[in-house]
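A.B. asks: Dropping a prediction and its sequence here:
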Amino acid sequence: MDLLRFITAGSVDDGKSTLIGRLLYDSKNILSDQLEQLAKQSVNKNAGEIDLALLTDGLRAEREQGITIDVAYRYFSTPKRKFIIADAPGHVQYTRNMITGASNAELIIILIDARQGVVEQTRRHSIIASLLKIPHVVVAINKMDLVGYSQDVFNNIVIDYQEVAKQLGLGSVDFFPISALEGDNIVDRSLQTPWYEGPALLEFLEDVELDTNEDLVNTRFQVQYVIRPQSPELHDYRGYAGRIQSGIYKKGDEVVVLPAGISTQISKLEIAGQEAEEAFAPQSVVIHLADDIDISRGDTIVRKDNVPAISNSFDVLLCWLDDKPMVKGNKYYLQHRSRTVRAVVKEIYYKLDVNTLQQQDATDTVKLNEVVRVSLKTASPVVADPFDQLPSNASAILIDETSNSTVAAVLIQNINA
């Protein structure tokens, strides 16, 4: 049974937590003791209703204020598929949390209040979906019960969002008229929307085709750990452990260790403690090399006929996640998978306006939640690929040198010579 990771996003009070609660409740994925506890905590219990949002809003502040602050993860399954859901906050100041939840998502559900239509947060979350190349975008137009299940309201929002999707180059976009509170078109088709001919949301989630095509051409393997037991029985054992990002590795392959550029050969491959003739993405593997080479965490092993770019200079798109602004000339740590290097912001080219989706002239500072294109210069070389060519080797984070806080999510756009 395969697994679908998806995230819900949208503006404040669009019903993200209620939607997840409804999915869990109507698909019978809530235990009886959870239901009892939920009934006791529900703010609507006097009206005989269960507040389904409480299933995901776990923080005390979330329950008191009726908002989502942290990303909440929930797991459920149907006979067709397993699911991991991330419930992302809608407030602007928690956009950083939304990016965290979206980083591994294969599908995003963007909720839109039928009364409000496309708003700023809709655009912001759509931009993030575009930047992260999330394969499937679902637009759930919620609270249809509050607009009389109007087909015209639904169609007008579809038209507005299609313009946003066109500007951002979003590929697969599907639209659903729903009411998370009433359960319309969530698990079962609703009689309230006879004009809607598509599937219920859960039907779609069960059947949507996942893009499981790994890049098996470009070989990228970054060392996460050097295994050197130095015990009597394993005196000469030296293996390099990690997860294959892309490509296929075979015993006997001629490889290059980067950034040093040293050539050698794969002498042995181990998967789960057993020798193997080949390994491929996304398997975790231990690679043994024919020569004793000084290799450490963060070094990259690639096939000799498929060497990526190595550079100290990158143009990147980043979303700023810190309350303290980013300033041109500031220094940070750039963490690219297992490799961490010092970096400086050399230039700020432009920022994206989340309302018009147009490029704007940038100042020398970048504020919380702003999406900008900048130039980074690193103190030592980084082995990377542009995001549009190999996403698995193009994402990184910036870390504040003093606080060790993650301050930016980074997508490498261009590698400079």
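C.D. replies: That came through, no problem. Here the structure is a predicted model, which means the values were calculated and not measured.

A.B. asks: CA only for contacts and neighbour counts going forward, please
C.D. replies: Fine.

A.B. asks: what about the longest helix in this structure?
C.D. replies: Longest among the helix segments of the chain by residue count, using DSSP state H, is helix 151-168.

A.B. asks: what residue is smack in the middle of this structure?
C.D. replies: residue 103 (1.4 Å; CA atoms, centre = their mean).

A.B. asks: ok, and for stretch 398-414, which residues are buried?
C.D. replies: 398-400, 406-414 (16 or more other CA atoms under 10 Å).

A.B. asks: do the same with stretch 297-314
C.D. replies: Quick answer for stretch 297-314 (16+ other CA under 10 Å): 297-304, 307-314.

A.B. asks: so where is the stretch 51-200 of the chain shaky, pLDDT-wise?
C.D. replies: 51-71, 88-98, 100 (pLDDT under 70).

A.B. asks: just so I have it, where are all the helices in the stretch 1-150 of the chain?
C.D. replies: If DSSP state H, counting those that start in this stretch is used as the criterion, the helices of the stretch 1-150 of the chain fall at 16-26, 32-41, 60-65, 95-102, 120-131.

A.B. asks: before we move on, the earlier item: turn the buried residues of stretch 398-414 into TSV, columns for secondary structure.
C.D. replies: Output for the buried residues of stretch 398-414, formatted as TSV (DSSP: H, G, I helix; E, B strand; the rest coil):
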residue	secondary structure
398	strand
399	strand
400	strand
406	strand
407	strand
408	strand
409	strand
410	strand
411	strand
412	strand
413	strand
414	strand
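
A.B. asks: farthest pair in those?
C.D. replies: The largest distance within those, taken as CA to CA, falls between 400 and 414 and amounts to 23.0 Å.

A.B. asks: measure the residue nearest to the centre of the chain to residue 6 for me?
C.D. replies: Relative to residue 6, residue 103 is positioned 10 Å away (CA to CA, to the nearest Å).

A.B. asks: so residue 118 touches residue 162, yeah?
C.D. replies: No. At 10.4 Å, residue 118 does not count as touching residue 162 under the criterion of CA atoms under 8 Å.

A.B. asks: Between those two, which has more neighbouring residues?
C.D. replies: More neighbours surround residue 118 than the other of residue 118 and residue 162, with 21 against 15 (other CA atoms under 10 Å).

A.B. asks: Contacts only, for that one.
C.D. replies: By CA atoms under 8 Å, 6 or more residues apart in numbering, the contact set of residue 118 is 112, 157, 160-161.

A.B. asks: Buried members of these into PyMOL, please.
C.D. replies: Only the buried entries of the contacts of residue 118 go into this PyMOL selection, using 16+ other CA under 10 Å:
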select buried, resi 112+157+161
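
A.B. asks: Reformat the contacts of residue 118 as CSV; add distance to residue 282.
C.D. replies: CSV is the format used below for the contacts of residue 118 (distance: CA to CA, whole Å):
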residue, distance to residue 282
112, 35
157, 39
160, 38
161, 34
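
A.B. asks: quick one: which of the contacts of residue 118 is nearest residue 256?
C.D. replies: Looking across the contacts of residue 118 and measuring by CA to CA, the closest to residue 256 is residue 161, at 46.6 Å.

A.B. asks: For residue 139, see how far away that closest one is.
C.D. replies: On the measure of CA to CA, residue 161 and residue 139 end up 8 Å apart.

A.B. asks: and what of residue 294?
C.D. replies: 50 Å.
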